[in-house]
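Chemist: what follows is a predicted structure for the sequence shown.
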Amino acid sequence: MKRIGSLLWVSVILATGTAGLALVAAPATANTGDRFGDRLGDWTVPGSDPVALLLLERAERAAYTVPYSGVRYLATWCPRGTTSAIVEISHVPGVGTTVLTRDTAADPAGAAALAGSTVSRPITAPDSSRPAATGMVARNYQVTLAGREEVAGRRAAVVELRRPRTGTLAARMWLDSATALLLRLDVFDSTGATVRAGGFIAIKVERPEPVPPTRRRPVEPAAVDQVRRAGWTVPSELPDGLRLYDLHKLPGASGEIVHASYSDGLSTVSVFAQHGRLDTGGLSGYSKVRLGDAAVYVDDSSPRRVVWAADGTVYTILTDAADETIESVLAALPRNPGGDGVAARLGRGLHRVGSWFNPFG
Amino acid sequence: MTNHLGERINALVDGELDHTERDRLLGHVADCLLCRSELDVLRKIKARLARSTGPEMSSILLNKLLAMAEPGGPVPPARRPLAGPSYPIAPPPRSAATDASGRPVATHPGSTGPGRPRRRGGRRRYVYLTGASALSVGLIALGTAFAAGDATRGGGPLVTPPVGDFVVQHAQTSNSVPFTDPASTVIFGGGYEQSGFEFGTVGSTVGIWGR
């Protein structure tokens, strides 16, 4: 009965949605690939509901094609505190998204920091035939339909994402019944604790507009190899299903900066690397904490910032992922073994002094 | 002299006589000026010997020994282990006497043996000096390693990450993942400062304004 009910409900969605009509003809499992930009295929986690995956494909396109404006809330949690914001947001397809922070709650210190920053987000409309983010989600999570609810006065389908190994809930999405627009998103860590939650308090949806697709080229392995040969550490994958989907170099005051972007379809992790020694005196607002076995400097603003130095390179992570994911990422990247303990420092020092007398070093 | 103390005077000075014999000899010393004088002189000599330390090494000899320490063959094994029973760490016995050449000799069984030089104090200092030197070298090495192990040391310039620029860059690339919360890429929180950073790697533009 539940399955029948889901199918009937999706039929309503497809009948009322305009952007989703074209997706009906596209099979949920078409091609196979393991690079960003390839559509979902054989990598789909077993047990996922094809109808739910179709709905995710619609939601991905709606993010770029449906004009809207409204008020959203956003809250993040971590063991060291919380951040929250209420923002005015408006999106014009092909132009950009403007976010204006107008209020905050829960954290008086954050309230002052939040006041009045705005950012116009760029628009990168996906190639219409390649729903990349849906592919990443399908590769890492079991996607199922979980009923219907109302968000900001609009009917929405609830889609749940579960971790395939443990079956624990990773995220719950509320997708607009009419347009498939993502109305609300809650993300949970492996213990069930909420990592972040955000959704519309009020929304006005305009008529979807056709947006010329912008083909986003996948990261070429040759380009990655070239960066690696220059001495940079750029893993193709990071733990927790994070895959490299963007890589480029930036000019920096003290030299070249490499920016590698990773995602599992639900969270994003940016890793910036630059040669040099970390000037800890310039890290205002950061606290030195231990994540896993790594001693790092953390700023729990949104997005969360993590800074450390290892092997003559300064690394900076920006992410909206949970602490447990950050710890896994740190374990996969260069860092000072043992942190800053006396034994670890002596070990590094002896190794360094030994290298001074090594004629071949 | 047969009626005087003779060889027994050493035993009297060293306190090695039993009660009866000591009283008998002291009775003689009380009436014999010669033995009393000899006993007085012998006590002074032994007291001075007990207070004296080993001969100081001359600087010339020291330099010669240091020169011998230059690279050469293996060091011959020690004739006696430092912890051996023949070198008890104790003050020299008061019974030590001198022979005709002036070298100290043992005067009764159980002493350190005839003709053995009294250099135990010098060897002990050598052990202490060696130990202290090794300890100093170890401490200096650990201090150097601790200083060199500072994670912030190493090659390259001193870097303060331009996090404000990074946040902008992160917002742009994260936009490619539509299931992230659109508000999560809002630049807020401490540490951000407008920098005028410009980029166009994806063909888009981002504007940032602060009130």
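Modeler: Yes, it's here.

Chemist: could you export the helix or strand containing B:Asn63 as PDB, CA atoms only?
Modeler: Using DSSP states H and E, the element containing B:Asn63 is helix B:59-68. Provided in PDB are the C-alpha atoms of helix B:59-68 (Å, rounded to 0.1, in the frame of the first residue of the first chain):
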ATOM      1  CA  SER B  59      98.300  20.100  32.700                       C
ATOM      2  CA  ILE B  60     101.100  18.700  30.600                       C
ATOM      3  CA  LEU B  61     100.100  15.200  31.400                       C
ATOM      4  CA  LEU B  62      96.500  16.000  30.800                       C
ATOM      5  CA  ASN B  63      97.200  17.300  27.400                       C
ATOM      6  CA  LYS B  64      99.200  14.200  26.600                       C
ATOM      7  CA  LEU B  65      96.300  12.000  27.600                       C
ATOM      8  CA  LEU B  66      93.900  14.000  25.600                       C
ATOM      9  CA  ALA B  67      96.200  13.700  22.600                       C
ATOM     10  CA  MET B  68      96.100  10.000  23.000                       C
END
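
Chemist: what is that helix packed up against?
Modeler: Helix B:59-68 is packed against no helix or strand, with contacts defined by 3 or more Cβ pairs under 8 Å, 6 or more residues apart in numbering or on different chains; DSSP states H and E. C-beta: built from backbone N, CA, C; applies to glycine.

Chemist: any stretches of the stretch 201-350 of chain A with poor pLDDT?
Modeler: A:209, A:211-218, A:336-345, A:348 (pLDDT under 70).

Chemist: if we go to 80?
Modeler: A:208-220, A:292-293, A:302, A:336-350 (pLDDT under 80).

Chemist: which residue ranges of it form helices?
Modeler: A:221-229, A:323-332, A:342-356 (DSSP state H, counting those that start in this stretch).

Chemist: residues making contact with the first one?
Modeler: Yep, that's helix A:221-229 we're talking about. Helix A:221-229 is touched from outside by A:234, A:236, A:244, A:247, A:249, A:258, with contacts defined as Cβ atoms under 8 Å, 6 or more residues apart in numbering or on different chains.

Chemist: flag every buried residue along that helix.
Modeler: Within helix A:221-229, the residues scored as buried using 16 or more other Cβ atoms under 10 Å in any protein chain shown are A:224, A:227.

Chemist: related to what we said a few turns ago, just the buried members of the contacts of helix A:221-229?
Modeler: Using 16+ other Cβ under 10 Å, the buried ones in the contacts of helix A:221-229 are A:234, A:244, A:247, A:258.

Chemist: would you turn those into CSV with distance to B:Glu38?
Modeler: Shown next, in CSV, are these (distance: Cβ to Cβ, whole Å):
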residue, distance to B:Glu38
A:Val234, 98
A:Leu244, 103
A:Leu247, 103
A:Val258, 97
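
Chemist: out of these, what pair is the most spread apart?
Modeler: Farthest pair in those (Cβ to Cβ) is A:Leu244 and A:Val258. Separation: 11.6 Å.

Chemist: any shared contact partners between the two?
Modeler: Common contacts of A:Leu244 and A:Val258 (Cβ under 8 Å, 6+ apart): A:Val234.

Chemist: can you list the weak-confidence ranges in the stretch 1-150 of chain A?
Modeler: The low-confidence ranges in the stretch 1-150 of chain A, as defined by pLDDT under 80, are A:1-43, A:64, A:80-85, A:93-132.
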